[in-house]
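> One predicted model, sequence on top.
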Amino acid sequence: NKRRRHIILIERIMKKILLVALIPVLLSMLSCRHKQTKDARTENQTSKITVLIEYADSTVKVSEQAFGIRVTRVGMHVVAVSRRKNVEFILRGKAAEGSFKLYSDYSFALRLDGVELFNPEGSAINIQSPQHALILVSPGSENLLRDGSLYAIPPEGEQMNACLYSEGNLIFYGSGSLLLKGNYKHAIYCRGYLKINDNCDIRISEAKKDGIHTLGDVFIEGGQLNINVADDGLKSAGNILINKGDIVIRALKKDGSEGLECNRLTVNGGQMSVLAYDDAINTARELIINGGSVFCYSLHNDGIDSNGSIQINGGLVVSSGSQMPEEGIDCDRNAFVITGGTVVACGGGTSVPTVRLSTQPSLIYSGDFEQSIHIRGAGGEDVLTYFPQRNYHRFTLLFSSPALKLGSDYRLYSGGQLSGGTQQHGYYTGSTYRRGVKKADFTASTMVTMIGEFHMGGPIHRGAFPIDPPEEPPFDPADFPQYPPAENQAPGEL
């Protein structure tokens with residue numbers, strides 16, 4: 001036993017000696033690892049590789065290239081290959097026949113600092129990288145990108161179909177302006193998602209097809225977006241989220257042109273005006289409006305068309321569809337829920353809000369009108385003053401507002417005179433109205449109140465109407481009065 005105790009004592013002493021010997025080694029290893037981590041963080045935070053590319057006359061000047069970056073050119077066409085992190089490419093100057101193409105293994109920044117590029121045989125900017133592309137538009141700078149009407153055949157395995165083409169995500173920052181002209185197909189094409197941040201000013205003056213076409217989602221966090229194209233204005237295979245910003249879309253040039261098209265659209269704020277030959281807004285699954293201002297005008301179809309549900313919880317929605325059977329708001333027989341906001345939609349018909357799900361009262365009026373519609377409460381308060389911006393053979397109005405109260409009495413007028421106040425696309429606030437012709441007295445006794453003359457092709461034509469349509473013979477178009485062709489002209493105020 002004495003020998004065994006002696007062995008145990010020796011083992012304990014050896015362990016202590018070994019521990020004392022290892023402590024400095026362990027501390028040294030931890031110190032090195034900490035230093036490496038700190039150095040890496042410092043490099044990521046402070047180091048940046050800048051490559052300046054200046055187009056001037058018939059030459060291109062390129063700043064000194066760091067290891068892992070190679071820039072070549074043929075004429076005024078520049079190709080950059082980057083194997084480095086934290087790289088910012090700066091484009092500056094003018095090329096009457098030039099372009100910029102980029103291959104990158106990592107996310108990068110591309111600063112547009114007063115650059116004008118025209119590529120007659122392909123994309124003005126061609127990003128052949130699936131990584132994040134941060135597009136910085138320098139404050140105060142004006143930038144112009146144009147492509148040609150015929151493209152050269154791209155290298156095997158590559159695609160390009162837009163003035164600004166990207167294989168990855170596009171994220172726009174900066175307070176400068178960017179003007180694009182897509183003469184071949186799209187102005188901007190993005191195989192990832194696209195994000196526009198506050199203060200950006202992006203204008204698309206023309207495109208043979210879509211203004212912006214993305215395979216991923218679209219996020220608009222502010223800035224200005226102005227699109228004027230031949231086909232669809234803003235088209236996403238994913239969803240679109242609008243939180244802020246001033247958006248104007250015109251897609252008026254041919255049959256089938258839609259203003260905004262996506263899977264699901266959510267509007268939380270900002271101002272949006274969409275004019276289209278076909279549907280101004282078209283969603284495949286869902287439309288949610290929580291705030292902001294949304295104006296839609298369609299020359300020949302629905303102002304708003306959702307193949308799924310519609311939910312309006314706030315904001316201002318003014319939508320103008322074409323003659324019947326087209327509608328101001330159309331969601332077939334899917335759920336149409338209104339819980340807040342102000343909704344003014346006119347057309348040949350309308351979908352009807354779902355009574356069991358809506359919490360804010362709505363009015364549907366079908367009949368004729370003379371220039372304007374005005375609703376006044378029993379106490380003389382103005383509830384609605386609206387000037388539809390076209391003539392209708394048969395007019396259907398959907399109106400919902402917090403000012404419309406269950407159990408209250410109202411009177412609807414048409415015509416009359418208006419003075420003062422402000423207006424947004426025919427919707428007036430703060431104005432003084434002199435009574436026109438009384439059309440109806442009504443009480444908002446249910447969640448959806450209907451007044452006027454309802455015929456086949458009116459609001460019950462395609463909407464989620466809760467009762468069977470009246471048995472009447474189909475209308476005869478020859479019986480319609482002849483109005484000026486105002487429906488084929490977009491409102492001049494935009």
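Done, it's in. Numbers count the residues shown, from 1 in each chain.

> backbone phi and psi for E88, please?
Dihedral pair for E88: phi -120, psi 120, per degrees, to the nearest 10.

> ranges for the strands of the stretch 51-200 of the chain?
Assigned by DSSP state E, counting those that start in this stretch, the stretch 51-200 of the chain shows strands spanning 59-62, 69-74, 76-82, 87-95, 98-104, 108-119, 125-127, 133-137, 142-147, 162-166, 170-173, 177-182, 186-190, 194-196.

> Packing partners of the fourth one?
Contact here means 3 or more C-beta pairs under 8 Å, 6 or more residues apart in numbering; DSSP states H and E; on that basis strand 87-95 packs against strand 49-56, strand 98-104, strand 108-119. Using the backbone N, CA and C atoms, a C-beta is placed for each residue, glycine as well.

> For P361, which of the ones you listed is the nearest?
For these, proximity to P361 was assessed by C-beta to C-beta; strand 108-119 is nearest, at 49.8 Å.

> Can you give the strand pairings for the closest one, parallel or anti for each?
Using DSSP bridges, the strands paired with strand 108-119 are strand 87-95 (parallel), strand 133-137 (parallel), strand 142-147 (parallel).

> and that strand, how far from the chain's centre?
Relative to its chain's centre, strand 108-119 lies at 23 Å (C-alpha atoms, centre = their mean, to the nearest Å).

> just stretch 285-304 next, same as before
12 Å.

> With stretch 313-328 instead?
In terms of C-alpha atoms, centre = their mean, the centre of stretch 313-328 is set 18 Å apart from its chain centre.

> bridging residues for I49?
Beta-bridge partners of I49, as defined by DSSP bridges: V87.

> Contacts only, for it.
Going by C-beta atoms under 8 Å, 6 or more residues apart in numbering, I49 touches 66, 69, 84, 86-88.

> Out of those, give me the one that has the most neighbours.
The residue in these with the most neighbours, by other C-beta atoms under 10 Å, is V87 (23 neighbours).

> measure it to I49 for me?
5 Å (C-beta to C-beta, to the nearest Å).

> what do you get for K208?
K208 is 37 Å from I49, by C-beta to C-beta.

> same check, this time on K405
63 Å.

> before we move on, the earlier item: between V87 and I49, what contacts are shared?
Joint contacts of V87 and I49 (C-beta under 8 Å, 6+ apart) are I69.

> unless I'm mixing things up, M447 is touching S358, no?
Yes: counting by C-beta atoms under 8 Å, S358 is a contact partner of M447 at 5.4 Å.

> residues contacting the nearest residue to G114 once chain neighbours are set aside?
Computed as C-beta to C-beta, 6 or more residues apart in numbering, the closest residue to G114 that is not its neighbour in sequence is S141, at 4.4 Å. By C-beta under 8 Å, 6+ apart, the residues touching S141 are 112-114, 174, 176-177.

> what's the spacing between S141 and C163?
From S141 across to C163, the span is 18 Å (C-beta to C-beta).

> lowest average confidence, helix or strand, in this structure?
The helix or strand of the chain with the lowest confidence, counting by mean pLDDT, DSSP states H and E, is helix 2-46 at a mean of 48.

> quick one: strands adjacent to the helix or strand harbouring R250?
Using DSSP states H and E, R250 sits within strand 240-251. With DSSP bridges as the test, strand 240-251 is paired with strand 218-228 (parallel), strand 260-267 (parallel), strand 271-276 (parallel).

> And the contacts of the shortest one?
Okay, so that is strand 271-276. By C-beta under 8 Å, 6+ apart, the surrounding residues in contact with strand 271-276 are 233, 242, 245-252, 257-260, 280-281, 292-299, 301, 425, 490-491, 494.

> For ChimeraX, what selects the buried ones among those residues?
Here is the ChimeraX command that selects only those of those that count as buried (16 or more other C-beta atoms under 10 Å):
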select :233,242,245,246,247,248,249,250,251,252,257,258,259,260,280,281,292,293,294,295,296,297,298,299,301,425,490
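
> which residue sits closest to I127, ignoring its sequence neighbours?
Nearest residue to I127 in three dimensions, chain neighbours excluded: S166, at 4.1 Å (C-beta to C-beta, 6+ apart).

> Having no further points to raise, I will conclude here.
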